[in-house]
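1. Could you look at this predicted model? Sequence included:
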Amino acid sequence: MKEIILIGGGGHCRSVIDVIEMEGKFKIAGIVDNNLEIGDKILGYEVIGCDDELEKLRKKYDYALVTIGQIKSAEIRIKLFSLLKNLNYNLPVIISPRAYVSKHSFIDEGTVVMHDVLINANAKVGKNCIINSKALIEHDVVIEDNCHISTGATVNGGVVLGKNSFFGSGAIAKEYIKIEENSFIKARSLVK
Ligand code: JB2
């Protein structure tokens with residue numbers, strides 16, 4: 001099985017570990033975290049270093065994923081994604097077997113699709129996104145790079161969500177609207 005390292009060992013990482021284990025395509029080789037001690041364990045997986053060691057780790061590992069969450073700002077995830085790309089890591093798409101992802105949709109590198117997500121026909125999801133548990137991405141939606149669609153959110157047909165945006169838990173976007181980049185959509189809000 002291909003080995004992968006995970007960057008960031010907090011709450012979001014623990015959720016992603018569950019998805020990776022269920023998907024069964026990658027063996028988790030370890031966690032890279034700037035604030036944990038080497039040898040600390042996250043759900044049984046060891047912390048193997050901090051960001052300064054990513055260059056050295058690249059000699060051993062081909063695959064990596066950013067597993068820090070994104071609420072107030074996409075900045076850290078963008079910085080880490082670009083660091084990993086510059087070091088020539090491969091950033092796979094991770095999809096929970098409990099998600100339904102239309103064969104007519106497209107999902108770009110470094111994006112994770114969590115448990116019970118539905119991504120419908122002709123939707124397009126960019127790079128380095130989190131489509132969190134139970135989110136609904138309807139037909140013809142475009143989610144640009146570095147967005148987090150939170151748990152249970154509904155993005156209706158034809159919506160375009162600009163890059164680096166946060167779309168809160170349970171929020172609903174009315175169909176065919178354009179939401180500008182760097183948006184922060186509050187939990188449970190209705191976006192018209
Ligand atoms: O620059 C960094 C860095 N900054 C923080 N590099 C690396 N390698 N690691 C970094 N970290 C680490 O990310 C912290 O030391 C910490 O271990 C982890 C962040 O964990 P935390 O649990 O605080 O947040 P999270 O981003 O994993 O999860 C939040 O967002 C999710 C979407 C939580 O609010 C979750 O509940 C939410 N589901």
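-> Received it, and whenever you're ready, just let me know what you need. Numbers count the residues shown, from 1 in each chain.
2. and Asn120, what is it in contact with?
-> Ser102, Ser105, Leu136, Ile137, Glu138, His139, Val141, Gly157 (CB atoms under 8 Å, 6 or more residues apart in numbering). Glycine gets a C-beta too; all of them are placed from N, C-alpha and C.
3. Take the residues you listed and keep only those in strands.
-> Using DSSP state E, Leu136, Ile137 are the members of those that sit in strands.
4. Which of the contacts of Asn120 ranks first by neighbour count?
-> Ile137 (30 neighbours; other CB atoms under 10 Å).
5. State the distance from that residue to Ala123.
-> 5 Å (CB to CB, to the nearest Å).
6. Overlap of the contact sets of those two?
-> In contact with both Ile137 and Ala123: Ser105, Ile143, using CB under 8 Å, 6+ apart.
7. Dump the contacts of Asn120 into a markdown table; add distance to the ligand as well.
-> Shown next, in a markdown table, are the contacts of Asn120 (distance: CB to the nearest ligand atom, whole Å):
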| residue | distance to the ligand |
| --- | --- |
| Ser102 | 24 |
| Ser105 | 22 |
| Leu136 | 17 |
| Ile137 | 17 |
| Glu138 | 22 |
| His139 | 26 |
| Val141 | 20 |
| Gly157 | 25 |
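8. would you list the contacts of Asn120 in CSV and tack on pLDDT?
-> Formatted as CSV, these follow (pLDDT from 0 to 100):
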residue, pLDDT
Ser102, 98
Ser105, 98
Leu136, 99
Ile137, 99
Glu138, 98
His139, 98
Val141, 99
Gly157, 98
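9. Not counting sequence-adjacent ones, nearest residue to Ala29?
-> Nearest non-adjacent residue to Ala29, counting by CB to CB, 6 or more residues apart in numbering: Glu3, 4.1 Å away.
10. how about the residues of this structure near the ligand?
-> Contact residues (CB under 6 Å from any ligand atom) of the chain with the ligand: 7-13, 32-36, 51, 68-69, 71, 76.
11. Return a ChimeraX selection command for the buried portion of these.
-> Buried residues within these, by 16 or more other CB atoms under 10 Å, are selected in ChimeraX with:
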select :7,8,9,12,13,32,33,36,51,68,69
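12. center of the chain - which residue?
-> Nearest residue to the geometric centre of the chain (CA atoms, centre = their mean): Ile130, 2.9 Å.
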